[in-house]
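Visitor: Below is the sequence, then the predicted model.
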Amino acid sequence: MPVAAAVVVAMATGGQAAAAPARATAVQAVAGHGAATARSVDVHRAAAAPQAITALTPAEQAALNRVAAARPALPVQRTVGTKPAPAGVNRSGQANGTAPTLVRPEVAPPVLTNVDGQNLTQSGCGCQPPDPNAAVGANEIVEMVNTRFEVYTKTGAALCGITLNSFLGTGDALSDPRVMYDNVNGRYLFVVTIVPASATATPALWVGATQTNNPCGGWWIFRPTFAGGSFPVGTLLDYPILGQDRNAMFLSTANFTPAAGLNFTVFGIPKSALFTGGGFSFSAFNTASQTAPVSNGGIPMIATTFNYFLGSVPGTGYRLYRMTNSGGPGATLTLQATISSSFTAPPRRVNQPGTTVTLDPLDGRIAWSPVNDGGSIWFAHGIGIGSFPGVRYGAIGIAGNTATVAEAFRSGTSDDFNPSVGVGNARTGGNFIYVNWAYTDSPAGVATSDTVDSVQPLAGVPNLIGTGVVLVNGAVTGETRFGDYSSVAIDPTNANGSCAVTTQQYFQAGGQWGTRIARVGTC
């Protein structure tokens with residue numbers, strides 16, 4: 001159910017968007033949904049049994065084909081010239097007419113761990129893209145990729161691993177896993193979508209949480225179902241994005257119905273049920289476009305009155321929604337603002353050196369959870385920079401509904417894509433900001449590579465131009481998909497928020513996909 005914009009803002013100078021006074025608009029719940037009590041699973045025991053992966057049936061493949069058909073068909077164009085630098089900035093990232101400074105607000109972070117995560121062979125499902133993401137807890141890193149998750153030490157040694165079908169004890173066809181760590185309660189959270197087995201299948205997801213801070217031990221797992229309204233039978237709850245505050249897990253989904261209709265919903269699930277295995281119910285709400293649930297930052301995680309959902313809208317800017325009551329059955333959703341900060345989506349596919357095979361940079365959506373630092377919501381997504389795919393990151397001021405944005409790219413001829421952002425609240429004020437993305441540079445002969453850059457506390461939102469650290473240079477591939485997302489997670493063992501774990505895709509020798517896990521910063 002599309003909702004008209006309630007607050008419209010106009011661009012001001014300096015990259016800021018200034019709010020115009022208007023009344024926010026409430027969003028009506030589309031239906032109530034929920035799950036019965038959970039099932040308890042021990043990963044060590046489940047991993048000792050033969051591992052299962054469910055292959056897609058023709059009906060399930062047809063459901064995914066509808067999703068692929070809905071993606072914008074970006075043109076294939078060769079790399080020509082160089083991308084325009086941001087206004088007032090030269091290609092080194094300095095203001096035009098000034099000499100390089102000794103102290104810069106952006107700093108290539110120290111790299112403590114830089115190892116391969118899961119790859120195509122290990123995943124066992126033959127899927128592309130891998131959908132890589134990871135959470136970091138007190139002692140471990142948990143990476144979820146396609147239909148499997150692995151647990152590593154913080155130096156990259158494998159501890160345990162299991163296919164999601166064996167973990168969940170299901171024959172469901174699975175896709176799009178996401179995982180996060182709750183640093184207040186010491187629990188890991190996850191969501192994975194279910195590809196409907198037929199046009200009459202009841203829409204559902206898998207969600208759950210660990211029973212302790214040990215991801216190789218016990219988990220509570222749930223299979224909430226959806227019915228009516230935006231969820232007719234056969235609906236695929238595609239591309240679930242995971243966020244959290246102290247009280248709830250928050251989710252957004254893009255729902256593809258059997259008639260190829262598309263709608264977008266958001267909802268929250270109380271942690272009080274997730275952590276005890278109890279049943280729960282919740283209200284779901286439609287949004288006008290795809291959004292991402294916002295996660296609360298801080299070590300420990302900050303407490304807030306509201307939680308938020310943020311959507312990026314090419315040609316407009318951002319839609320900011322706020323939810324009350326932690327998403328339970330009495331929740332309300334309000335469109336707080338439509339914020340004017342116009343951008344274009346990536347204008348073409350990503351080029352690779354020495355081949356005509358190109359990669360998908362997605363459509364400008366926010367693909368990983370933004371972060372609420374208490375006053376601002378930080379985000380990253382793909383954009384067009386001239387004729388090049390590029391990256392935008394920035395912050396939405398919650399009180400004033402303002403946007404402050406900057407660009408990130410590796411070089412004047414690079415194609416930059418698949419970004420994510422992480423935010424660590426510094427004890428002395430401000431934030432450590434980490435931006436993680438992939439790039440190619442065809443004129444320079446650089447195939448898909450992974451990079452991460454960081455911004456020091458109280459340094460604003462500077463453009464990140466060629467200043468990050470390159471984690472891995474990959475190979476050329478014959479595959480055409482990429483991502484569909486990456487992640488940044490702040491390590492909770494450093495209370496200053498200056499340590500992060502990033503996960504990103506690249507292509508290994510021979511062209512098959514792999515993932516890269518890095519622990520960066522001051523840890």
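Guide: Arrived safely, thanks for sending. Residues are numbered from 1 along each chain as shown.
Visitor: So which elements touch the helix or strand that contains His381?
Guide: In the assignment (DSSP states H and E), His381 maps to strand 376-385. Secondary-structure packing of strand 376-385 (3 or more C-beta pairs under 8 Å, 6 or more residues apart in numbering; DSSP states H and E): strand 307-313, strand 388-397, strand 402-409, strand 415-425, strand 431-441. No exception for glycine: its C-beta is placed from N, CA and C like everyone else's.
Visitor: Switch those strands over to CSV; also include distance to Phe507, mean pLDDT and mean neighbour count.
Guide: Listed next are the helices and strands packed on strand 376-385 as CSV, based on distance: least, C-beta to C-beta, whole Å; pLDDT from 0 to 100; neighbours: other C-beta atoms under 10 Å:
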stretch, distance to Phe507, mean pLDDT, mean neighbour count
strand 307-313, 27, 98, 26
strand 388-397, 17, 98, 25
strand 402-409, 20, 97, 24
strand 415-425, 13, 98, 28
strand 431-441, 10, 98, 27
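Visitor: Could I get these in a markdown table, plus columns for distance to Gly279?
Guide: Compiled in a markdown table, the helices and strands packed on strand 376-385 are given as follows (distance: least, C-beta to C-beta, whole Å):
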| stretch | distance to Gly279 |
| --- | --- |
| strand 307-313 | 22 |
| strand 388-397 | 35 |
| strand 402-409 | 40 |
| strand 415-425 | 33 |
| strand 431-441 | 37 |
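Visitor: so where is the stretch 1-150 of the chain shaky, pLDDT-wise?
Guide: Judged by pLDDT under 70, the stretch 1-150 of the chain has its weakly predicted residues at 1-32, 88-104.
Visitor: What ranges does it have for its strands?
Guide: 9-11, 17-19, 25-27, 29-35, 39-42, 106-107, 111-119, 133-136, 140-145, 148-153 (DSSP state E, counting those that start in this stretch).
Visitor: Same question for the stretch 151-300 of the chain.
Guide: So, for the stretch 151-300 of the chain - with DSSP E, counting those that start in this stretch - the strands run 158-163, 173-182, 187-195, 205-210, 218-222, 236-244, 248-256, 262-270, 280-287, 292-293, 295-296.
Visitor: Can you say which of those strands is nearest to Thr334?
Guide: Closest of these to Thr334 is strand 280-287, at 9.6 Å (criterion: C-beta to C-beta).
Visitor: Partner strands of the closest one, with direction?
Guide: Partners of strand 280-287 in the sheet, by DSSP bridges, are strand 29-35 (antiparallel), strand 262-270 (antiparallel).
Visitor: Off-centre distance for the longest one?
Guide: In this view, strand 262-270 has its centroid 16 Å away from the chain centroid, taken as C-alpha atoms, centre = their mean, to the nearest Å.
Visitor: Likewise for stretch 191-199?
Guide: Relative to its parent chain, stretch 191-199 has a centroid offset of 20 Å by C-alpha atoms, centre = their mean.
Visitor: buried set for stretch 370-379?
Guide: Pro370, Val371, Asn372, Asp373, Ser376, Ile377, Trp378, Phe379 (16 or more other C-beta atoms under 10 Å).
Visitor: Mind telling me the two of these farthest from one another?
Guide: That would be Asp373 and Phe379, which, of those, are the farthest apart (C-beta to C-beta) at 11.7 Å.
Visitor: Output the contacting helices and strands for the longest helix along the chain.
Guide: Counting by DSSP state H, the longest helix found in the chain is helix 58-70. The contact analysis (3+ C-beta pairs under 8 Å, 6+ apart) places helix 58-70 against strand 187-195, strand 236-244, strand 248-256.
Visitor: The second one pairs with which strands?
Guide: Paired strands of strand 236-244, with direction, are strand 248-256 (antiparallel) (DSSP bridges).
Visitor: Give the buried residues for the strand it pairs with.
Guide: In strand 248-256, counting by 16+ other C-beta under 10 Å, buried: Ala248, Met249, Phe250, Leu251, Ser252, Thr253, Ala254, Asn255, Phe256.
Visitor: Name the residue closest to the centre of this structure, please.
Guide: Compute the mean C-alpha point of the chain, and by C-alpha atoms, centre = their mean the closest residue is Trp368, 1.4 Å away.
Visitor: Return the residues in contact with that one.
Guide: Asn133, Ile241, Ala292, Ala380, Pro419, Ser420, Val421, Tyr485, Ser486, Ser487, Val488 (C-beta atoms under 8 Å, 6 or more residues apart in numbering).
Visitor: For Val421, see how far away it is.
Guide: 7 Å (C-beta to C-beta, to the nearest Å).
Visitor: what residues are shared contacts of those two?
Guide: In contact with both Trp368 and Val421: Ala380, Val488, using C-beta under 8 Å, 6+ apart.
Visitor: Relative to Gln512, how far out is the nearest residue to Asn473 once chain neighbours are set aside?
Guide: Nearest residue to Asn473, sequence neighbours excluded (C-beta to C-beta, 6 or more residues apart in numbering): Ser449, at 4.6 Å. Noted for Ser449: a distance of 16 Å to Gln512, by C-beta to C-beta.
Visitor: Comparing the two, which residue is more hemmed in?
Guide: Ser449 (21 against 15; other C-beta atoms under 10 Å).
Visitor: The more buried one: which element?
Guide: Counting by DSSP H and E, Ser449 is found in strand 446-455.
Visitor: and that strand, which strands flank it?
Guide: strand 106-107 (antiparallel), strand 431-441 (antiparallel), strand 469-473 (antiparallel).
Visitor: picking that back up, with distance to Val76 as extra columns, can I get the contacts of Trp368 in CSV?
Guide: Below are the contacts of Trp368 laid out as CSV (distance: C-beta to C-beta, whole Å):
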residue, distance to Val76
Asn133, 28
Ile241, 28
Ala292, 28
Ala380, 25
Pro419, 22
Ser420, 26
Val421, 29
Tyr485, 23
Ser486, 23
Ser487, 28
Val488, 30
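Visitor: Identify all contacting residues around stretch 35-47.
Guide: 151, 160-162, 166-169, 207-208, 211, 215-225, 274, 277-280.
Visitor: Now restrict those residues to buried residues only.
Guide: Buried, going by 16+ other C-beta under 10 Å: 151, 160-162, 166-168, 207-208, 211, 215-216, 218-224, 274, 277, 280, out of the contacts of stretch 35-47.
Visitor: if I pick Phe409, what's in contact with it?
Guide: Lys83, Ile385, Phe388, Gly390, Val391, Asp416, Tyr439, Leu464, Ile465, Gly466.
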